[in-house]
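here is a sequence with its predicted model. Questions after.
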Amino acid sequence: MIDPRANNRTASYAEEAFVVDVQSFLHQLMVEKGFSRSQLAEAMGVSRARITQIFSDECKNFTVRLLARAVHALGEYPEITSEWHKAFEAKCNRVENVGALTRLDFARSRRWDMGVANDDAGGFCPPQFCGSGSQVAAYA
Amino acid sequence: MSDSDDDLKAIGCCCLVRCGKAQVAVLSDVSKDFSALEERQRDRFQRIMELWCEGKPLTPEMMNRNEGRSKGNVRLEAFKAFKVRLYGFDVTFKKIRTFFIVIIDSAKKQNRADKNILKSAKARVDELLGEISND
């Protein structure tokens, strides 16, 4: 089990930082794609007040489903990643390149279980969020 | 302590966030007000400031780009989170893009800015800018 205390950032920071990153990301996408908040609300099929809620400090009731709908409405496809996952993907790609193992074999060899590597002593890395085809990588 | 920290200390400020070639600094006597904020408030501000340093876009809920101008014609801006405002201004200090926080309004109960605090903030902006020019 990864110990979240190994990270030098607090859980509170991880939570607040991710909320800020998602809000900044959506804001930038809206600006780039020329969407007003009212237009986004209409495209998502939600009320204007719901969009205001998404961008508020409290950011209450902003579900993963709603995030996916917002990104889709802006013509993008959401992806989620983390530092660990990016490193893992890079390792997998290297393994594939030498043809020694398939990606699945490599994952099994690392006892990769339900998205968590339980054999790593590495610290907690906050998630990152980006939209495919977008230049934005909030939390660089 | 880095040269940048020494430069800030010389004008009575300390660094809150530094990323790349930008930083957010605060007047030393105001920094205790920042420390006194709730953890989640500090954490949200921390990330907003990091994005500001990285040149990432901030929503109107995160930053008000125009809170008026000081007598010295400096534009006052504010980082915002949970009804707390960090008033300051943006200037290049020792070749580093710097946002100087001059006053913190942590008792904001309404959406409109407190006129007295705004007035104090504008006076402090001109005062600090004088220090920067003399440095």
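Okay, I see it.

ok, B:Gln23 to A:Arg9 distance?
19 Å (C-beta to C-beta, to the nearest Å). From N, CA and C alone the C-beta is placed, and that goes for glycine too.

which residues of chain A lie near chain B?
For chain A, the residues in contact with chain B (C-beta under 8 Å from any C-beta of the partner chain) are A:10, A:12-13, A:15-17, A:19-21, A:23-24, A:27-28, A:31, A:55-58, A:138, A:140.

who's more crowded, B:Gln23 and A:Arg9?
For B:Gln23 and A:Arg9, the more surrounded residue by other C-beta atoms under 10 Å in any protein chain shown is B:Gln23, and the numbers stand at 24 against 15.

how far off centre is the helix or strand where the more buried one lies?
In this assignment (DSSP states H and E), B:Gln23 forms part of strand B:22-27. Its chain's C-alpha centre and that of strand B:22-27 lie 6 Å apart, by C-alpha atoms, centre = their mean, to the nearest Å.

got it, and stretch B:37-57?
11 Å.

and that stretch, average pLDDT?
Stretch B:37-57 shows a mean pLDDT of 95 in the predicted model.

how about that stretch, does it reach chain A?
Yes - judged by C-beta under 8 Å from any C-beta, stretch B:37-57 and chain A are in contact via B:39-40, B:43-44, B:46-48, B:50-51, B:54, B:56-57.

sitting in helices, which of those residues do you find?
In this view, those that belong to helices under DSSP state H are B:39-40, B:43-44, B:46-48, B:50-51, B:54.

quick one: which of those residues is nearest B:Leu118?
B:Ile48 (20.1 Å; C-beta to C-beta).

which residues touch that closest one?
When contacts are counted by C-beta atoms under 8 Å, 6 or more residues apart in numbering or on different chains, B:Ile48 is found next to A:20, B:58, B:62-63, B:79, B:81.

looking at those, which are in strands?
Counting by DSSP state E, the contacts of B:Ile48 place B:63, B:79, B:81 in strands.

run a quick neighbour tally on the second one.
Same thing as B:Phe79. 22.
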